[in-house]
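*Asks:* Compute the structure for the input listed below.
(chains A and B)
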Amino acid sequence: MKTLEISGLHKQFVDSYTDEVVTAVGDVSFAVEQGEFISVLGPSGCGKTTVLNIVAGFEKQTDGSVLVGGREISGPSPERGVVFQSFALFPWKTVLGNVVFGLRMRGVPRQEREPIARQYLDLVGLEGFERKFPHELSGGMQQRLGVARVLANEPEVMLMDEPFASVDAQTRRKLQEDLTGIFESKRPTVFFVTHDVDEAVFLSDRVVVLSSRPSQVNEIVTVPLERPRDWRSVLDDPDFRHTVTHITDLLSGDESRVVQADLDSA
Amino acid sequence: MSRRLAAAFWFVVPFVGLVVIWAAIVALTGVDRRVFPQVTDVARAFADMWASGELATHVGASLQRIAIGVVAALVTAIPFGFALGISRWAAAFFSPLLRFSVALAGIAWIPLATLWFGTGEQAVIFIVWNAMFFALTYNAMLGVQRIPTELLRAARSLGTTRLRMFSDVMLPGALPSIVTGLRVGLGYGWRGLVAAEIIATNAGIGYSIFLAQRFFRTDVIITGMIIIGVLWLIVDRVLLAPLERRTVERWGMKAVVS
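*Replies:* Below you'll find the predicted structure:
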């Protein structure tokens, strides 16, 4: 069953500075199966975050449709929880308070909230930190909290917008492995935006490679790696290297085309 | 604990120094003590006012006025500031008026307030409210505008309804700025109160100062001035600082200095 169906997505906006009409998303279509981990990858400025923002309901598309569970989306909703690059935790809420927040907003009875929240804090390895405030946690722990906060709502799809881009490289590796572990045990549907090829291949079942702006789907690459995955074995796996090389070629081919186009127009 | 004692000690030292210099100057220059009273004169005036119960009456009257003024300002300025923070149109429309009014807030309204409300309680409270209103409104507006977009989006995609966005996201999110506004505003309100008590009819610290002026009681005037300063320090330390510690600092949010 298709959890998320994006078809003919097109987004234009007017640059408020130059008054020019800019096409951020040209024509993007793909579908995400239930329990699938899909990454959207593309050169910076290709509009991948715009696609995520439209799916999240933060922005409205100019054309095309986004269906979740077969229904057209309208506005933000807890069925499409978002993990942000900047974490976007509530600084005035404790760790527990942040996870409980969504449950409270959705009207989950008081006595059920805390056990659910604790279950997800355990899942991301934050047990024992319930009474801390977000600013007392490291960047990596803050993003674990960001994940727990979304998963506690049991969304149809978890949207992740370059969630590990603002943590250091070592922590990032660890978070990627932990996210894989969580995904393998809980099987949520994940829509993950990144510009890091290794990250996309390591985490995903399929990688949607976008071309540069105005973005179109260049290719949807299926990742041939077994689960469970961890960095040690994946890095030794020739399939991993092949997939990464293939996607890197796709991206650089796209880049050289852009350069060629620039030369032609000059 | 010893650190807090040390902090308290170093807080008091400059005041002790001031009193010593004051006493020395009066003693050495031999200035007419009716013009500039000695420390002991002021202490005596304070003791007299304390013993007669006058002090309690004045302080009580002033504190009551400021309390009513603060509550009135909070209740009116925060919703207005929020409206401005949410609507870009309203902010653009009212911003010039707000900036214009900040300079006029409080004391400049005393003549009009007297004409509207007569001399007495209502006029003084109006001045306190007026002195605070604009600073509080402005800071509440800034507080809402400065909440990161992603925080609002996160709340929306966690299922927060538009109505609950106010109570559960915007109010705590804007609190650092509101606390700043309260601090700045209370300072304005306090000055407004003292000045406005010139039109008060029976009690209040400002009132006692203006009354003492008529009888050339400089010792009473200076006593009143000291009490005004001390009361402000107490309000700031006992009410505002703990409020800030328990919210803004504990949450790791920085108080906004505007």
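
*Asks:* where along the chain do the helices fall?
*Replies:* Unless you meant another one, I'm taking chain A. A:48-56, A:95-105, A:110-123, A:139-151, A:169-186, A:197-203, A:231-236, A:238-265 (DSSP state H).

*Asks:* try chain B instead
*Replies:* Using DSSP H, the helices of chain B run over B:2-29, B:39-52, B:54-86, B:88-104, B:110-117, B:121-145, B:149-157, B:162-165, B:171-196, B:205-214, B:218-234, B:241-244.

*Asks:* Not including adjacent chain positions, what is the nearest residue to the closest residue to chain A within chain B?
*Replies:* Closest contact between chain B and chain A, by CB to the nearest CB, is at B:G252 (2.7 Å). C-betas here are computed from N, CA, C, even on glycine. Leaving aside its sequence neighbours, B:G252 sits nearest to A:H135 (CB to CB, 6 or more residues apart in numbering or on different chains; 2.7 Å).

*Asks:* can you count the residues close to that neighbour?
*Replies:* Using other CB atoms under 10 Å in any protein chain shown, A:H135 has 12 other residues around it.

*Asks:* mind listing what it touches?
*Replies:* Applying CB atoms under 8 Å, 6 or more residues apart in numbering or on different chains to A:H135 gives the contacts A:P91, B:W251, B:G252, B:M253.

*Asks:* Can you flag the buried ones in the residues you listed?
*Replies:* Taking 16 or more other CB atoms under 10 Å in any protein chain shown as the criterion, what is buried in these is A:P91, B:W251, B:M253.

*Asks:* Of those, just say which sits nearest to B:S177.
*Replies:* Proximity of the buried ones among the contacts of A:H135 to B:S177 was ranked by CB to CB; the top entry is B:M253 with 9.5 Å.

*Asks:* Roughly how far does the closest residue to that closest one other than its chain neighbours sit from A:F133?
*Replies:* What sits nearest to B:M253 in space, not counting adjacent residues and going by CB to CB, 6+ apart, is B:P176, at 4.8 Å. From B:P176 across to A:F133, the span is 14 Å (CB to CB, to the nearest Å).

*Asks:* quick one: which of these two has more around it?
*Replies:* Under the criterion of other CB under 10 Å, the comparison of B:P176 against A:F133 puts B:P176 first, with 24 against 20.

*Asks:* Give me the number of neighbouring residues for the residue of the stretch 151-266 of chain A found nearest chain B.
*Replies:* Closest contact between the stretch 151-266 of chain A and chain B, by CB to the nearest CB, is at A:N153 (6.4 Å). With neighbours defined by other CB under 10 Å, the count for A:N153 comes to 25.

*Asks:* mind showing which ranges of the chain have poor pLDDT?
*Replies:* Picking chain A for this. A:254-266 (pLDDT under 70).

*Asks:* actually it's chain B I care about, not the one you picked
*Replies:* In chain B, residues with pLDDT under 70: B:1, B:254-258.

*Asks:* Residue numbers of it in contact with chain A?
*Replies:* Counting by CB under 8 Å from any CB of the partner chain, chain B comes close to chain A at B:148, B:150-151, B:153-161, B:164, B:168-169, B:172-173, B:175, B:247, B:250-253.

*Asks:* Mind giving me the ChimeraX command for buried ones among these?
*Replies:* Those of the residues of chain B next to chain A that count as buried under 16+ other CB under 10 Å are selected in ChimeraX with:
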select /B:150,151,153,154,155,156,157,158,159,160,168,169,172,173,175,247,251,253
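
*Asks:* Next one: the residue most central in space within chain B relative to B:L231, how far apart?
*Replies:* The geometric centre of chain B, computed from its C-alpha atoms, lies nearest to B:L186 (CA atoms, centre = their mean), at 2.0 Å. B:L186 sits 11 Å away from B:L231, going by CB to CB.

*Asks:* Then B:V39?
*Replies:* 20 Å.

*Asks:* Taking chain A, what residue is nearest to chain B?
*Replies:* For chain A, CB to the nearest CB, closest residue to chain B: A:H135, 2.7 Å.

*Asks:* could you measure that residue against B:L175, distance?
*Replies:* 15 Å.

*Asks:* again with A:I38
*Replies:* On the measure of CB to CB, A:I38 and B:L175 end up 39 Å apart.

*Asks:* quick one: which of the helices of chain B is nearest A:T62?
*Replies:* Nearest of the helices of chain B (CB to CB): helix B:149-157, 20.0 Å.

*Asks:* Domains in the chain, by residue range?
*Replies:* In the absence of a named chain, this looks at chain A. A:1-76+A:158-164+A:188-238, A:80-154 (automatic domain parsing).

*Asks:* my bad, the chain I had in mind was chain B
*Replies:* Here the domain parsing of chain B from automatic domain parsing is B:1-30, B:38-249.

*Asks:* any idea which of the ones you listed is most buried?
*Replies:* Most buried of those by mean neighbour count (mean count of other CB atoms under 10 Å in any protein chain shown) is domain B:38-249; its value is a mean of 19.

*Asks:* how far does that one sit from the chain's center?
*Replies:* 4 Å (CA atoms, centre = their mean, to the nearest Å).

*Asks:* now stretch A:82-92
*Replies:* With CA atoms, centre = their mean, you get 14 Å for stretch A:82-92.

*Asks:* Straight-line length of that stretch, end to end?
*Replies:* 19 Å (CA to CA, to the nearest Å).

*Asks:* what does it contact?
*Replies:* Contacts for stretch A:82-92 (CB under 8 Å, 6+ apart): A:52, A:56, A:97-98, A:101, A:133-135, A:139, A:142-143, A:145-147, A:149-150, A:158-163, A:165-166, B:148, B:150-151, B:153-155, B:157, B:169, B:172-173, B:175, B:247, B:251-253.

*Asks:* got the phi/psi numbers for the closest residue to A:E177 other than its chain neighbours?
*Replies:* Among residues not flanking A:E177 along the chain, A:D230 sits closest, at 5.6 Å (CB to CB, 6+ apart). Dihedral angles of A:D230 (phi, psi; degrees, to the nearest 10) stand at phi -140, psi 160.

*Asks:* wait, isn't A:D230 in contact with A:D178?
*Replies:* No - here A:D230 does not reach A:D178: they are 10.3 Å apart, not a contact under CB atoms under 8 Å.

*Asks:* Tell me which of these two has more neighbours.
*Replies:* Comparing A:D230 with A:D178 by neighbour count (other CB under 10 Å), the higher total belongs to A:D178, at 17 against 13.
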